[in-house]
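# need a 3D model of the following:
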Amino acid sequence: MKVMILGAGKRGLRLAQHLAEESNDVVIIDTKEKLTRAAMDKIDCIAFPGSGTSLEDLSDAGTDSADAFVALTGDDEVNLVACALASHEFQVPLTIASIRNISYTGSSGTNSNLLGITHIVNTDYEIASDIYDEIERGLFSDIISLHDSKLVVYNLVVGDNPEFCNLPVIDLRAKVNTDCLIVAIYRDGESLIPSGDTMVLPGDTISLVMKPEDSQKAVKITGRPRIKPQKIVIVGATTATKLLLGMFPPNERGKFAVIDRDEAVCEEFAREFPEALIINGDIADEDILEDEGLDSYDLLVSTTSNDELNIIIASYCKQIGFDYSIAVVRSNNNYTKLARHMGIDSIVSSQEVTVDSITRYLHGTNVASVHSLFDAKIEVFEYMLGVKSKALAKKLRQFNMKGRGLIAGVTKPSGVTLIPNGEYRLEAGDILVLIVRQEKAVSVMRMFE
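So this is what the prediction gives:
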């Protein structure tokens, strides 16, 4: 698949790297020649200096032979125009534009009819959706909530508990004593998809696929309960915050308090969300916590536009009594690693949620969601089997997944969810949870087309 990416910024490079590692042909366009040279130094791609709104530049870059065109510059209008040109002038079948201004998309975060563009991705909407899932599913260490499947993925650090270390995967699964599957292991910077006899060692991070109602069994490994927060403080009256509040019905917004330093913005939020507590002030002022009764809240979410501030606030509030904290990171993904050492429970990366959303569209309409594990070396796909899939009526043991991945779960059209064995026979409408090595993703998808 040939994918054109407009914009060699951090999001563009992250997507380019992701697609290149899946063995796609990647072409990057950017107005700054310095960035295009840097892109070719870092990634297996071709990069052209040029404008996304110039027909001549787009033609020189080979847009007429592209399978997909993704616009990721920081300018909404440039992204829209570039995608429209790619679609109408070069007949690119799949166009995706990243848009920040929600006036183009509304509260749904998408508008597939705008200028004939196939998909619109709004980063703030993706951030809000990710936080919403964490709140609704319950907080846990590195939980991945899937879109359509009722299964969830937990990334758990085993630690040095002798009861759960130095055991083969098959024995550890028996000790957890629930219907689950250990689908990936991260060890010393390396990731692997284990077999039954793979040993689990002290310090390993393991990924388990299981049903949400069985999550308490995972506490045996981590010692951390999974809770659904009842009272939530959000620091930053941002667009992401507005979209997040809009995802909850009015009768549930009373559990939210929003703090922001901008008085005018607070007044706007108070008019739009009268059920929530809107506070004009600074979270660092401990008097606010006491005066407004916020010291009884159990979750803090920091969504400001400043990454460093979000990290500091999330860490500080854990130290002064909040049970859980979430920080949004928009620019510096290195903070996701730092957060583990600062007591922060979850980092929502704008780059990662945007790339996951775009990747889902690039993999076709049968893919409901894509999530990355362990620095994107392993991917989690939700794949719905269509009525014309060549995989229908086959048993799972008939698929050669060795070295490429595994089928970790199935949600049937009736809503029944199961961890299948090799004898399970695939049916139309089944939603498969596929765990695949990133470089093998394309070959695995072809098994089910």
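# low-confidence bits of the stretch 201-350 of the chain, can you list those?
Applying pLDDT under 70 to the stretch 201-350 of the chain picks out residues 214-227, 337, 339-340.
# how about the helices in it?
Secondary structure of the stretch 201-350 of the chain (DSSP state H, counting those that start in this stretch): helices at 215-222, 239-247, 263-272, 286-291, 307-319, 335-340, 350-362.
# closest to Ala71 out of the ones you listed?
Each of the helices of the stretch 201-350 of the chain has some distance to Ala71 by CB to CB; the shortest is helix 350-362, at 10.4 Å. Every residue, glycine included, has its C-beta placed from N, CA and C.
# what angle separates whichever helix or strand comes after that closest one from helix 350-362?
Later in the chain than helix 350-362, the nearest helix or strand by DSSP states H and E is strand 367-373. Relative orientation of strand 367-373 versus helix 350-362 (axes from the mean of the first three to the mean of the last three CA atoms, to 10 degrees): 140 degrees.
# and the contacts of strand 367-373?
Contacts to strand 367-373, defined as CB atoms under 8 Å, 6 or more residues apart in numbering, come from residues 18, 144, 146-149, 153, 155, 184, 186, 191, 207, 352, 355-356, 359-360, 363, 378-384, 431, 435, 438, 445.
# over to stretch 423-433?
Residues outside stretch 423-433 that contact it (CB under 8 Å, 6+ apart): 146, 148-149, 151, 153, 209, 368, 380-387, 389, 391-397, 407-413, 418, 448.
# buried stuff in that stretch?
By 16 or more other CB atoms under 10 Å, the buried positions in stretch 423-433 come out as Tyr424, Leu426, Asp430, Ile431, Leu432, Val433.
# any idea how far stretch 32-39 is from the chain center?
Centroid displacement of stretch 32-39 relative to its chain, using CA atoms, centre = their mean, to the nearest Å, is 27 Å.
# buried ones in it?
Neighbour counts over stretch 32-39 (16+ other CB under 10 Å) mark Leu35, Thr36, Ala39 as buried.
# so for that stretch, what's the average pLDDT?
Taken as a whole, stretch 32-39 has a mean pLDDT of 93.
# ok, stretch 48-65 next?
Mean per-residue pLDDT for stretch 48-65: 94.
# give me the residues contacting that stretch.
Contact with stretch 48-65 is made by 2, 4, 6-7, 27-33, 36, 69, 71, 73, 78-79, 81-82, 85-86, 89-92, as judged by CB under 8 Å, 6+ apart.
# mark which of those are part of helices, please.
Taking DSSP state H, the ones among those that sit in helices are Glu33, Thr36, Val78, Asn79, Val81, Ala82, Leu85, Ala86.
# most neighbours of all those residues, which one?
Ala82 (30 neighbours; other CB atoms under 10 Å).
# quick one, grab the pLDDT at that one.
The score at Ala82 is 95. That number is its pLDDT.
# now the residue nearest to it when sequence neighbours are not counted, what's its secondary structure?
The spatial neighbour of Ala82 that comes closest, neighbours along the chain excluded (CB to CB, 6 or more residues apart in numbering), is Gly52 at 3.4 Å. Assigned with DSSP: H, G, I helix; E, B strand; the rest coil, Gly52 falls in the coil class.
# quick one: low-confidence ranges for the stretch 1-150 of the chain?
105-113, 137-143.
# all strands of it, in order?
2-6, 25-30, 46-49, 68-71, 94-98, 119-121, 143-145 (DSSP state E, counting those that start in this stretch).
# could I get the ones you listed as CSV with distance to Glu134?
Shown next, in CSV, are the strands of the stretch 1-150 of the chain (distance: least, CB to CB, whole Å):
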stretch, distance to Glu134
strand 2-6, 29
strand 25-30, 31
strand 46-49, 36
strand 68-71, 27
strand 94-98, 23
strand 119-121, 20
strand 143-145, 7
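# which one of those strands lies nearest to Tyr104?
Closest approach to Tyr104 among the strands of the stretch 1-150 of the chain (CB to CB): strand 119-121, 7.0 Å.
# state the distance from Arg446 to Val209.
Plainly put, Arg446 is 23 Å away from Val209 if you go by CB to CB, to the nearest Å.
# just want to know which of these two has more residues nearby.
Val209 (24 against 9).
# so the more buried one bridges to which residues?
Beta bridges link Val209 to Val153, Leu181, judged by DSSP bridges.
# correct me, but it touches Leu418?
No. Using CB atoms under 8 Å, Val209 is not in contact with Leu418; the gap is 11.0 Å.
# name the residues contacting each of the two.
Shared contacts of Val209 and Leu418, defined by CB under 8 Å, 6+ apart, comprise Gly409.
# so which of the buried residues of stretch 423-433 is the closest to Ile259?
Among these, and counting by CB to CB, the member closest to Ile259 is Val433, at 37.9 Å.
# what angle separates the helix or strand harbouring the closest one from strand 367-373?
Element membership for Val433, per DSSP H and E: strand 431-437. Put simply, strand 431-437 runs at 40 degrees to strand 367-373, going by the same axes, to 10 degrees.
# CA atoms of strand 431-437 as PDB?
Extracted C-alpha coordinates of strand 431-437, given in PDB (Å, rounded to 0.1, in the frame of the first residue of the first chain):
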ATOM      1  CA  ILE A 431     -15.400  -9.700  15.900                       C
ATOM      2  CA  LEU A 432     -11.900 -11.100  16.300                       C
ATOM      3  CA  VAL A 433      -9.300  -9.700  18.700                       C
ATOM      4  CA  LEU A 434      -6.100 -10.200  16.800                       C
ATOM      5  CA  ILE A 435      -2.700  -9.800  18.400                       C
ATOM      6  CA  VAL A 436       0.000  -9.400  15.700                       C
ATOM      7  CA  ARG A 437       3.600  -8.400  15.300                       C
END
